[in-house]
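Trainee: quick one, structure for this:
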Amino acid sequence: MSRALRAFVAIAALILAMPALADPAIAIVVGDQTPLRPAPRDSAKPHALLWQGEALEVRGERMDYLQVYDHRLERGGFVSARSVRRVSTDEASAPGLLAVIRFLRETPGSEALGVAYSALYIQAASPQVLRGADGAEALDALGTFAERLARRASSGSASTRTAQAALSGHLEVAMSYGVGFTSLERDSRVLICYDGDAFHRLVDLGRGDALQRAHAVLSLTRADCIDGDLKPTERRAADEARAELLEAVDVSDLPLYVRNRVHMRRAAVWNSLAFHSARRGEPAQSAAARALQELARVDKHELTDEDQRTYADAAMRVNASRWAALPAKPSAPASKGERPRLVLAKGQPGETCVLLVDAKHEPGNELAKRCTYGIVWESSATLNREGNALAVGVQNTEAWREMWVFRRSGKSWSVASLPPAATNPGVGYAEFAGWVPGGRQVLVAREASGEGKYKRSYELMRIDTLSTINTVPDPQLLPAFSRWSDSAWKSASLSLR
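Mentor: Numbering: from 1, shown residues only. Here you go, the predicted model:
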């Protein structure tokens, strides 16, 4: 059986297994905690509670109760006729089912019920209708219901036992129709993701209008729903597949806010591809430049409140790898003076060692040394006028770049790393923004998101301890930034977007 049919196996099996009863023979539960009773009386103690969207086989009627059988629970009983809606899956009922789907799509909290009606509609509609605009709308709605349910399950909003039970029941009902979900661990919490089957069908079969296809592709290319345990080659293949999906989206006819979302997603994906190439020692300039171009196409005046955070995330990712877009500058020649410089050398397999050398201290007798499995952006290296401090960018992941500072104390040198934030690596960068004359202070721009927190700051720091002297949310509020900001940083960094 093809993947295209998986989402509707349960309802089809239910219909085929039914005896010849008067139509309609299916009832859909419309509310939560609907009692399934052993007898057709309110006084009968329920032996199960049913959730919205549950499909029941109707086997008879007793007073104001329906005698039903629940194939998911493998249990029969009676439910109040007021708690369910009897539906038909003949072709004539398809328009009515689609009307209900349209209503439920705009009703948060009714996702499981929407999944049920979407499955019923696809069972009822003719093949010709399913290949048309109505079929594409139903697929789009099914994917929307499933993704919205997954987001609700991941949000942590179900704080009470009743809400948690309802959410668990909705997920079980959706899965009973063949809707698939995956569980991933993110920042010490569980993230539930929809497997995207309906959206894959919409894209693979070339159905839907431009907006529906864009919606499907945006869902299928979410970075947070990629398994974090993928090997580097597997992750690169996943990102290449994401880029291919995004390239197929025609943004010309999309609303501006949706067009922005496509550009932001493309920027993030091309940034990932630039990182993969750079880590393998392959040319990364084209991919990094494409990431910058896509971010530049975002119309910031048309960003929704929800998209403001997404734009910040995309900008941080692209800025983390922006050095890949610049042509590599040639290594500094050996100097007869005392000015220190960096030399890169191989360490353990996959490791790069950064050596600080000068005319008297060549590799093997270097002034300082530190190794990393990240990417050392040698082009970012900058030495202060006094020659007692050197900063360089080191990118550990596709979205996390630190600033390393080599500094002299007396006759010895040491190296310290400054992360984007004091959190587990998430999304962010810490970068050199300028040297303050005197050899004691440095300007730094930092922006990070992780563990539910976001912050962008511009800081005046001590070189010897990397402790913050002053920090502001806007560089114009700090006089040192007005006087001593590095011109190359101001022209190239996305921190000043």
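Trainee: strands along the stretch 1-150 of the chain, start to end?
Mentor: 26-29, 34-36, 48-50, 55-62, 65-70, 75-80, 84-87 (DSSP state E, counting those that start in this stretch).
Trainee: so which of these is the most packed in?
Mentor: strand 26-29 (a mean of 22; mean count of other Cβ atoms under 10 Å). Glycine gets a C-beta too; all of them are placed from N, C-alpha and C.
Trainee: how far out from the middle of the chain is that one?
Mentor: 35 Å (Cα atoms, centre = their mean, to the nearest Å).
Trainee: give me the below-cutoff pLDDT ranges for the chain.
Mentor: 1-24, 328-337 (pLDDT under 70).
Trainee: what about Val415, which helix or strand?
Mentor: strand 412-418 (DSSP states H and E).
Trainee: what is whichever helix or strand comes after that strand packed up against?
Mentor: As assigned by DSSP H and E, the chain's next helix or strand after strand 412-418 is strand 427-436. Other helices and strands packing on strand 427-436, by 3 or more Cβ pairs under 8 Å, 6 or more residues apart in numbering; DSSP states H and E, are helix 305-320, strand 375-383, strand 389-397, strand 400-409, strand 441-450, helix 479-484, helix 487-492.
Trainee: from the chain's centroid, how far away is strand 427-436?
Mentor: The answer for strand 427-436 is 25 Å, by Cα atoms, centre = their mean.
Trainee: before we move on, the earlier item: for Ala163, find the nearest of the strands of the stretch 1-150 of the chain.
Mentor: Nearest to Ala163 among these is strand 48-50; the distance by Cβ to Cβ comes to 14.3 Å.
Trainee: what is the helix of greatest length in the chain packed up against?
Mentor: Counting residues, the longest helix found in the chain (DSSP state H) is helix 256-279. If contacts are counted by 3+ Cβ pairs under 8 Å, 6+ apart, helix 256-279 sits against helix 210-220, helix 232-247, helix 285-296, helix 305-320, strand 375-383.
Trainee: okay, angle between that helix and helix 210-220 too, please.
Mentor: 40 degrees (axes from the mean of the first three to the mean of the last three Cα atoms, to 10 degrees).
Trainee: relative to Glu106, how far out is Ala99?
Mentor: 12 Å (Cβ to Cβ, to the nearest Å).
Trainee: when these two are compared, which one has more neighbours?
Mentor: Ala99 (12 against 8; other Cβ atoms under 10 Å).
Trainee: tell me the contacts of that one?
Mentor: Residues near Ala99 by Cβ atoms under 8 Å, 6 or more residues apart in numbering: none.
Trainee: ok, now the one 5 residues further on?
Mentor: Taking Cβ under 8 Å, 6+ apart as the definition of contact, the neighbours of Leu104 are Ser110, Leu113, Gly114, Tyr117, Ala141, Phe145.
Trainee: re the thing from before, the helices and strands packed on helix 256-279 into JSON lines, with extra columns for distance to His276?
Mentor: Below are those laid out as JSON lines (distance: least, Cβ to Cβ, whole Å):
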{"stretch": "helix 210-220", "distance to His276": "19"}
{"stretch": "helix 232-247", "distance to His276": "4"}
{"stretch": "helix 285-296", "distance to His276": "8"}
{"stretch": "helix 305-320", "distance to His276": "13"}
{"stretch": "strand 375-383", "distance to His276": "11"}
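Trainee: among these, which is nearest Pro349?
Mentor: helix 232-247 (13.4 Å).
Trainee: CA atoms of the closest one as PDB?
Mentor: Extracted C-alpha coordinates of helix 232-247, given in PDB (Å, rounded to 0.1, in the frame of the first residue of the first chain):
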ATOM      1  CA  PRO A 232      26.700  14.700   9.400                       C
ATOM      2  CA  THR A 233      26.200  13.100   6.000                       C
ATOM      3  CA  GLU A 234      22.600  12.300   6.800                       C
ATOM      4  CA  ARG A 235      22.000  15.800   8.100                       C
ATOM      5  CA  ARG A 236      23.500  17.300   4.900                       C
ATOM      6  CA  ALA A 237      21.300  15.100   2.800                       C
ATOM      7  CA  ALA A 238      18.200  16.200   4.800                       C
ATOM      8  CA  ASP A 239      19.200  19.900   4.300                       C
ATOM      9  CA  GLU A 240      19.700  19.300   0.600                       C
ATOM     10  CA  ALA A 241      16.200  17.800   0.400                       C
ATOM     11  CA  ARG A 242      14.800  20.800   2.200                       C
ATOM     12  CA  ALA A 243      16.600  23.200  -0.200                       C
ATOM     13  CA  GLU A 244      15.100  21.300  -3.100                       C
ATOM     14  CA  LEU A 245      11.600  21.600  -1.800                       C
ATOM     15  CA  LEU A 246      12.000  25.300  -1.100                       C
ATOM     16  CA  GLU A 247      13.400  26.000  -4.500                       C
END
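Trainee: gap between that helix and the chain center?
Mentor: So, by Cα atoms, centre = their mean, the centroid of helix 232-247 is 14 Å from its chain's centroid.
Trainee: between helix 210-220 and that helix, find me the angle.
Mentor: Using the same axes, to 10 degrees, helix 232-247 lies at 170 degrees relative to helix 210-220.
Trainee: want to try JSON lines for the strands of the stretch 1-150 of the chain, with distance to Glu378 as columns?
Mentor: Output for the strands of the stretch 1-150 of the chain, formatted as JSON lines (distance: least, Cβ to Cβ, whole Å):
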{"stretch": "strand 26-29", "distance to Glu378": "63"}
{"stretch": "strand 34-36", "distance to Glu378": "65"}
{"stretch": "strand 48-50", "distance to Glu378": "63"}
{"stretch": "strand 55-62", "distance to Glu378": "62"}
{"stretch": "strand 65-70", "distance to Glu378": "65"}
{"stretch": "strand 75-80", "distance to Glu378": "67"}
{"stretch": "strand 84-87", "distance to Glu378": "66"}
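Trainee: of all the ones you listed, which one comes closest to Glu386?
Mentor: strand 48-50 (73.5 Å).
Trainee: sheet-wise, list the partners of the closest one with their directions.
Mentor: Strand 48-50 pairs in its sheet with strand 34-36 (antiparallel), by DSSP bridges.
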